[in-house]
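for reference, the sequence and a predicted model appear below.
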Amino acid sequence: MYPRAFSYHRASSLKDAATLLSQLGEGAKLLAGGQSLIPLMKLRFANPVHLVDLNFISGTSYIREQDGAFRFGPLTRHAEIEKSASVARVPILHDCAAGIADVQVRNRGTIGGSLAEADPSGDWATVLLTLSCEVRCAVQSSDRTLKLTEFLKDAFTTALAPDELVSEVIVKVPPENSGGAYIAFKRTAPVYPTASAAVQLTVEGDRCKDITIALGCVGLLPIRAREGEAALRGQQITPKLIASAADAARAAADPQSDMRGSADYKRQLVGALVKRATEAALRRARGQQVEVSHIYA
Amino acid sequence: MGSDGAGWVGKGLARKEDNRLLRGRGKFIDDIRLHDMLYLKFVRSPYAHARVTSLDTAAAEALPGVICTLTGAEIAHQTNPFIEIGPDPFARIAELVQVDYESLEVVVDGEEALKASVLLHEEAGTNRVWRGTFEYGDIEKAFREAAHIVRIDKMHFHRFSSTPLENNAVIGQWDAKDEHIYYWCNNSFPSFAMQFIAAHLGTPIDRIRVQTFDIGGSFGIKITSYPQMSVCALASKKAGGRPVKWIETRSEHNVSSAHGNERTFRDTRVALDKDGVIMAIDSRHIDDCGAYPRYEPLGCVIWAQVFPGVYRFRNARIDFSQAVTNKCPVGPNRGYSRMQHLWFLERVVDICAHQLGIPPDEMRLRNYIRPEEFPYTTPNGCVYDSGNYPKMLQVAKERIDWEDWKKKQAMARAEGRWLGIGIGTTLDSGTNNFGQSQIVNPHAPFSGNSQGANCKLDIYGEVVVAVGSCPQGQGHETTAAQVVADVLNIHPDMVTVRTGFDTERNVHTGASGTYASQFAVSGLSAVHGAARKLKSEMKQLAAFLLKTGEENLEFGMGQQGPQIRAKDTGSSVNYWQLANVVNVNSAVLPEELYELTLNCRYVWRAPFKVPDKEKKYGSLTLTYASQLHIAVVEIDRDTFIPHILEYVAVDDCGKVINPPIVEGQVYGATAHGIGAALMERCVYDAVGNMLTATFSDYTPITAVNIPNVRYAHMETPSPHSYNGAKGMGEGGAAPIHTISAALQDALFSSGIVVSDSFNNADTLYRAMVAKDIYQAGDLVKMEKRA
């Protein structure tokens, strides 16, 4: 189907885009990679009056490493992150970028767009919740930096004001003795996961110094499984402890039944994914090369 | 059959059409843009069951670019009520059409529909489309004498679709200048659609020209005579004769084209002797055909083509009903109406085997029709042409290393893993007898089956073949060329095959199209007949021109291309000279050769009789290809995701015309079946909203989901076709029952009976943890007599 009629605006800079947003009002939508917006427009679920295209602004797609953090331009494509050698040092980021949908989506979709969309099934928010992540948000004349947890408000809702946009995503590089993994169950490559689990784990000797566990697609926002983390933090890691962390994660999930699976099943699944992601994260934290991929039906 | 045989048939010739198709040079309906062409958009009801109370098209008609609207009332006024037309797809143009609806009570379950107080079609007075009992042998005696009786309360075959890459598409033009209706479409049974459209629109059938081009998959879904074809013509008429294009969107296709038949199997009783040999089956089947019987109720009898499946039992009674529900109408779908029944039989065999403690392979060997019994007449009068099911099982077991897997399975089970090995034996009945339609409607004017072809030497001597088929990837251009090349002893590259259907080629019969696994039989028999007719004319002409007897002539290649040579004199004549004499240099012809045209039409007819309508007895299909699949499936104990560890597909479609084409068909059918078994289903909520209307929810199978399939083939030539070939392509949806069997094998010791054809991690979790489905105690009862 074709979208409803709309006016098209090509922004020349992020500032120009913010200006357009404030001038055009609520009927305006930003177009980044368009991998969520365009299908919604074609189905006429989204009917923007104005479309402000960010794709012709130079200098918005980059991966810079400075002061112990990665800085991602808002229009950095998933595929660029997937291919980045420096990002590969933080395997959980690579797991995420490489596992999003299919090649076509990864070539177009952007990290900034994904976070701004705040789809409860999106991959980036879940993964970045396990790391230290900040989102820079800009209006015409100023900008502010929010922690990811402050940025994400609800399903499809962020802290962005109507004339504000994401201008950069900043992710702190975890320490040397830290490793992470992100595993989702997806029925096919292009669809959203049924459930996903991201785990970032820092070791000290044979103990777990710190751990963050985030669950995707099982709530209105990505969920931190704090009791699961507590089960492992400071402990010597054993399969039994991992199992109890997975059980705690299961309890933290708040899934809904839909065509991807029943709520009960998703709770079962997310526990299994936490277990696998934790095992992979642990091996990576210990310096092993571990290939991780999503599970497909 | 004479001197055929340069040996092209049977060779793995690369497909002639691939150069075009793989380089993006195919010609599909949406590639066609005609002068002044308009576009049609359907307004769809947001309700599954509603009455249109008012309709206002003024705002839509005021929209710039809108030429006209067409309402249900206008359509009803201009058409003959020959076809049942529902109101809901016939409310027109986009969002500006103001429609008020009075929503009505909804029925989404076939069994419920038969009991429901609400009527979907009030004029019909019932939600039951058809009911009939198929009874053969002596049921009561068999149950009296049985050593074991197994009862299965309820089983269910789910609704899914084969999701062709290209949706339905049609351009219709009602041209007042020559009083013709022109169609450019991707319907895969156009000769049938025309018969309905002509009657529907009150137009002489000769004034309807239908053309098809490349078609992006059908799998049966495009053989339905969609009412949208008539609507395009009427819209064109109203728009002053401008061509009107309708390209169905994916969402429209998913909610309103055709899904496969959904079927519930109730109160099944199976009588077995002490060795597990099935003596009788008694069961009640309820088919859900969706909102309108469109191609239906033909599915109420199509399954009877494989009434006993591959098994020897002679006593059976199936009480078959079909109901309407407020869901998308069903239509033929790769394995049409037989896959449901074959799945039912395979579930019965596996469940009985488990109940009796007989291994599933052994159970099958005790019940298979034996190789020496072919041709085998089934209890309902079908004649299975050939086959060797025990050997197929043996080949499949060897290919998958059965003994090794049995050992691995024992080890896995000792570790508490859920690993199952499942066998599925399947029939793909091909070349149907349309006379079976008279079993559901004694007045149906259809029986037998036929296909037409034309083979000619064109004026410059080109060999050109046209067939009444409309391929959707089956390689007809290649296999037809192989057949003609063998008849004339030339290279297939020298044979031009006109692809697609065109009424004005005048080769079609009323049964022409591409459906029901039959081209290798009906299509190639027609091509072969036409080529032999041409060859016979060429011989007569060459004998005259070379002044020799026909017995001295030799077909082959010469210095100037294809030629006919006189063995006695050594002189020869090429194809151009032959065509020249007949077409543009005819004064050299003696009067007795005036009847030669070198333009030979041949119609092949399947040797069928009209079945006995009362007894529901007779030959319903000509050939029976068979498939034996084995799957090894492990269900992950943490995630409950079923993973296929090994898969083998053995196929026997008689004499193979082109091995890679057959192999490709087997892979495609296997992928479709695996998708249906584990991923794809059409789900509706209680008020009739389709919850799987997008591919994100429906998840058609993709490359990442398909296991490495080991393929093997066998050839038991058919005595029913000139070339020993059997129709193939549908594959009987073999993976659906094979995977059900493997899951059953993995979980049987946990008290699970797989009673639904659709399974995924979620349903297996429910069965094993929530225990609200599949509990053996609720589903299966066994009575031991001996």
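Received it, and whenever you're ready, just let me know what you need.

just give me the neighbour total for residue 254.
Using chain A here. A:Asp254 has 14 neighbours, counted by other Cβ atoms under 10 Å in any protein chain shown. Glycine gets a C-beta too; all of them are placed from N, C-alpha and C.

think we crossed wires, I meant chain B
23.

am I right that it is in a helix?
Yes. Assessed by DSSP: H, G, I helix; E, B strand; the rest coil, B:Asn254 belongs to a helix.

ok, it - contacts?
Contact partners of B:Asn254, counting by Cβ atoms under 8 Å, 6 or more residues apart in numbering or on different chains, are B:Ser161, B:Thr163, B:Met690, B:Thr692, B:Ala693, B:Thr694, B:Phe695, B:Tyr698.

so how many other residues sit close to A:Gln35?
By other Cβ under 10 Å, the residues close to A:Gln35 number 21.

same question for B:Ile773.
When neighbours are counted by other Cβ under 10 Å, B:Ile773 registers 17.

that one contacts B:Asp756, correct?
Yes. Contact criterion Cβ atoms under 8 Å: B:Ile773 and B:Asp756 qualify, at 7.5 Å.

stretch A:6-19 and chain B, any residue contact?
No. Contact of stretch A:6-19 with chain B (Cβ under 8 Å from any Cβ of the partner chain) is absent, the minimum separation being 15.0 Å.

give me the buried positions along that stretch.
The neighbour-count check on stretch A:6-19 (16 or more other Cβ atoms under 10 Å in any protein chain shown) flags A:His9, A:Ala11, A:Leu14, A:Lys15, A:Asp16, A:Ala17, A:Ala18, A:Thr19 as buried.

now, the contacts of B:Asn254 that are in helices?
Among these, the ones falling in helices (DSSP state H) are B:Phe695, B:Tyr698.

and for B:Ile773 and B:Asp756, which residues touch both?
With contacts taken as Cβ under 8 Å, 6+ apart, the residues that reach both B:Ile773 and B:Asp756 are B:Thr763.

report the buried residues of the longest helix seen in chain A.
Longest helix of chain A, by residue count under DSSP H: helix A:263-285. Using 16+ other Cβ under 10 Å as the test for burial, helix A:263-285 gives A:265-285.

residue numbers of the stretch 651-786 of chain B in contact with chain A?
For the stretch 651-786 of chain B, the residues in contact with chain A (Cβ under 8 Å from any Cβ) are B:678-679, B:683, B:691-692, B:695-697, B:699-702, B:704-705, B:760-762, B:765-766, B:769-770.

in helices only, show me the buried residues of stretch A:6-19.
Among the buried residues of stretch A:6-19, the ones falling in helices (DSSP H) are A:Leu14, A:Lys15, A:Asp16, A:Ala17, A:Ala18, A:Thr19.

now the last one: closest residue in space, sequence neighbours ignored.
In this structure, A:Thr19 finds its nearest non-sequential neighbour in A:Gln140, 5.2 Å apart by Cβ to Cβ, 6 or more residues apart in numbering or on different chains.

get me the contact residues on chain A for chain B.
Residues of chain A lying near chain B (Cβ under 8 Å from any Cβ): A:1, A:43-44, A:185, A:187-192, A:258-262, A:264-265, A:268-269, A:271-273, A:275, A:295-297.

switch the cut-off to 6 Å
Contact residues, chain A versus chain B (Cβ under 6 Å from any Cβ of the partner chain): A:1, A:187-189, A:191, A:259, A:261-262, A:265, A:268-269, A:272, A:296-297.

residues near B:Arg250, how many?
Residues contacting B:Arg250 under the criterion other Cβ under 10 Å number 14.

secondary structure class for the nearest residue to it once chain neighbours are set aside?
The spatially closest residue to B:Arg250, leaving aside those adjacent along the chain, is B:Asn167, at 6.2 Å (Cβ to Cβ, 6+ apart). Assigned with three-state DSSP, B:Asn167 falls in the coil class.

separation between B:Asn167 and chain A?
Using Cβ to the nearest Cβ, to the nearest Å, one obtains 12 Å as the distance from B:Asn167 to chain A.

now the phi/psi pair for that residue, please.
Main-chain torsions, B:Asn167, degrees, to the nearest 10: phi -80, psi 180.

how about stretch B:637-650, does it get close to chain A?
Yes. Applying Cβ under 6 Å from any Cβ, one finds stretch B:637-650 in contact with chain A at B:Asp638, B:Thr639.

hang on, the earlier thing: from the contacts of B:Asn254, which single one is nearest B:Ser572?
Distance to B:Ser572, by Cβ to Cβ, is smallest for B:Thr163 among the contacts of B:Asn254, at 53.3 Å.

could you pull up the residues touching the closest one?
By Cβ atoms under 6 Å, 6 or more residues apart in numbering or on different chains, B:Thr163 lies in contact with B:Pro700.

would the residue nearest to A:Thr19 count as being in a helix?
No. Counting by three-state DSSP, A:Gln140 is not found in a helix; it is coil.

hmm, it is touching A:Leu20, no?
No. When contacts are counted by Cβ atoms under 6 Å, A:Gln140 is not listed as touching A:Leu20 (9.7 Å).

which segments of chain B make up each domain?
Annotated domains of chain B cover B:18-28+B:450-605, B:32-103+B:168-247, B:130-161+B:258-435+B:611-784 [automatic domain parsing].

circling back to that earlier point, list only buried entries from the residues of chain A next to chain B.
Neighbour-count burial (16+ other Cβ under 10 Å) applied to those gives A:187-189, A:191, A:259, A:261-262, A:265, A:268-269, A:272, A:296-297.

pull the residues that contact the next helix or strand after the longest helix of chain A.
Next helix or strand after helix A:263-285 toward the C-terminus (DSSP states H and E): strand A:295-296. Contact with strand A:295-296 is made by A:Phe185, A:Lys186, B:Val704, B:Asn705, as judged by Cβ under 6 Å, 6+ apart.

who does strand A:295-296 pair up with?
strand A:178-186 (parallel) (DSSP bridges).

gap between the next helix or strand after the strand it pairs with and the chain center?
With elements assigned by DSSP H and E, the helix or strand that comes after strand A:178-186 is strand A:195-204. Taking Cα atoms, centre = their mean, to the nearest Å, one finds the center of strand A:195-204 at 14 Å from the center of the full chain.

next: stretch A:49-60.
The chain centre lies 21 Å from the centre of stretch A:49-60; the measure is Cα atoms, centre = their mean.

pLDDT on that stretch, on average?
For stretch A:49-60, mean pLDDT is 97.

what's the end-to-end length of that stretch?
This stretch, stretch A:49-60, spans 25 Å end to end (Cα to Cα, to the nearest Å).

just the helices from the stretch 301-450 of chain B, written as ranges.
Per DSSP state H, counting those that start in this stretch, the stretch 301-450 of chain B carries helices over the ranges B:338-356, B:360-367, B:389-400, B:402-414, B:437-440.

repeat that for the stretch 601-750 of chain B.
Using DSSP H, counting those that start in this stretch, the helices of the stretch 601-750 of chain B run over residues B:659-678, B:695-698, B:734-747.

and if you look at the stretch 101-250 of chain A?
Using DSSP H, counting those that start in this stretch, the helices of the stretch 101-250 of chain A run over residues A:103-108, A:111-117, A:123-128, A:148-151, A:226-232, A:239-252.

show me which of the residues of the stretch 651-786 of chain B next to chain A are buried.
Buried members of these, scored by 16+ other Cβ under 10 Å, are B:678-679, B:683, B:692, B:695-697, B:699-702, B:705, B:760-762, B:765-766.

so which residue of chain A comes closest to chain B?
As assessed by Cβ to the nearest Cβ, chain B sits closest to A:Ala272 within chain A, at 3.6 Å.
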